[in-house]
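Trainee: Next one to model:
(one chain, ligands or ions: 1)
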Amino acid sequence: MAQTKGNAWSADELRLRPGDLVMSDFDGTITRRDTGWVVFDTLDLHEAWDWEYRWRDREISSIECLAGQWGLVTVPPHELLALIDSIELDARFPEFVESARDAGAEVVVASDGLSFYLDRMLERLGLTICEDDPRPGVRRDCITRYVNRAELTDEGVVIDFPHSNAACMQCGNCKTRHLMRLQLEYERTIYIGDGYSDRCAALQADIVFAKDHLAQLMDEDGVRYVPFEDFGDVIEATAGYPRSANDERQRPR
Ligand SMILES: [Mg+2]
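Mentor: Modelled structure (predicted):
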């Protein structure tokens, strides 16, 4: 089982149950690498870093950063989609969704990325998208995702930010607002993520799975979390069963 940082949650506490809502980040969490950076690096768009540093220095909002970075992408839509289709995903995410639902919990995805690639990649994993909030006790065969909306056009990527928070503007998609709305319906919330746009929502959740930059941020904030590498770890921790050595060898990468 994954080691728990700080004051450990017990195996019983980590086991999913009815009334639980799991919110997962997408880029770097369900994908192996951040999709934007795979695209910008592959296309040698060095100016993407200029936008990134201006955002990190808080000179510009996440919305301005994302619009600026994706504005650099001028390849035809079919080339961009071919690149998206080559990006590696965590093949065990659908298994996690099923195991959570078997336990009576529900899973949603919240991303500060873009719908044109996120929807395509969730569908590549065999998942169907639904738009509405889930409800406790209602098992579904589609998955809700909250994401910035983006369309591919011959003129480039056109982005819309329906979930921004004018009071903050740190993120294009305010994950905290989605989480706090769902917390009115669900008894417990579990957050899974890897980066800066996960920080605020993670601070509001009852249990946090964190890696990479989010783990550093949780350390800085003195917030306990469960370190993880991939959804194999999350399944192991939340389903309450040990992963065998045989499973380890066969685990898809
Ligand atoms: Mg991420």
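Trainee: Please name the residues that touch Ala239.
Mentor: Shown in contact with Ala239 (CB atoms under 8 Å, 6 or more residues apart in numbering): 15-16, 99, 103. Placement of C-beta: from N, CA and C, glycine included.
Trainee: by contact count, what packs against the longest strand seen in the chain?
Mentor: Within the chain, and with DSSP state E defining each element, the longest strand by residue count is strand 143-153. Counting contacts by 3 or more CB pairs under 8 Å, 6 or more residues apart in numbering; DSSP states H and E, strand 143-153 packs against helix 77-85, strand 106-114, helix 115-124, strand 129-130, strand 156-160.
Trainee: Now do stretch 195-209, average pLDDT.
Mentor: Averaging pLDDT along stretch 195-209 gives 94.
Trainee: how about it: buried residues?
Mentor: For stretch 195-209, the neighbour count (16 or more other CB atoms under 10 Å) marks 195-202, 204-205, 207-209 as buried.
Trainee: buried sites along the longest strand of the chain?
Mentor: Buried residues in strand 143-153 (16+ other CB under 10 Å): 143-150, 152.
Trainee: quick one, it and strand 106-114 angle?
Mentor: Strand 143-153 and strand 106-114 are oriented at 20 degrees to each other (axes from the mean of the first three to the mean of the last three CA atoms, to 10 degrees).
Trainee: Grab the nearest non-local neighbour of the residue of the stretch 101-250 of the chain at minimum distance from the ion.
Mentor: Ranked by CB to the ion, the top residue of the stretch 101-250 of the chain for proximity to the ion is Gly195, at 3.9 Å. Nearest non-adjacent residue to Gly195, counting by CB to CB, 6 or more residues apart in numbering: His213, 4.9 Å away.
Trainee: thinking again about what came up before, return the most buried member of the helices and strands packed on strand 143-153.
Mentor: strand 106-114 (a mean of 26; mean count of other CB atoms under 10 Å).
Trainee: Please see if that one touches the ion.
Mentor: No - applying CB under 5 Å from the ion, one finds strand 106-114 separated from the ion by no less than 7.5 Å.
Trainee: how distant is that strand from the center of its chain?
Mentor: 5 Å (CA atoms, centre = their mean, to the nearest Å).
Trainee: need the residues of the stretch 1-150 of the chain near the ion, please.
Mentor: So far as CB under 5 Å from the ion goes, the stretch 1-150 of the chain lies against the ion at 25, 27-28.
Trainee: and what of the stretch 151-253 of the chain?
Mentor: 194-195.
Trainee: which stretches of the stretch 151-253 of the chain form helices?
Mentor: Taking DSSP state H, counting those that start in this stretch as the criterion, the stretch 151-253 of the chain contains helices spanning 175-183, 199-204, 212-221, 231-239, 245-250.
Trainee: Show me what counts as buried in the third one.
Mentor: Buried residues in helix 212-221, counting neighbours by 16+ other CB under 10 Å, are found at 212-215, 217-218.
Trainee: can you tell me the average pLDDT over it?
Mentor: pLDDT averaged over helix 212-221 gives 95.
Trainee: Arg199 is in contact with Leu217, isn't it?
Mentor: Yes - with contact defined as CB atoms under 8 Å, Arg199 counts as touching Leu217 (4.9 Å).
Trainee: Going by neighbour count, which of the contacts of Ala239 are buried?
Mentor: 15-16, 99, 103.
Trainee: would you list those in a markdown table and tack on distance to Leu182 and pLDDT?
Mentor: Shown next, in a markdown table, are the buried ones among the contacts of Ala239 (distance: CB to CB, whole Å; pLDDT from 0 to 100):
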| residue | distance to Leu182 | pLDDT |
| --- | --- | --- |
| Arg15 | 20 | 96 |
| Leu16 | 15 | 97 |
| Ser99 | 20 | 96 |
| Ala103 | 17 | 96 |
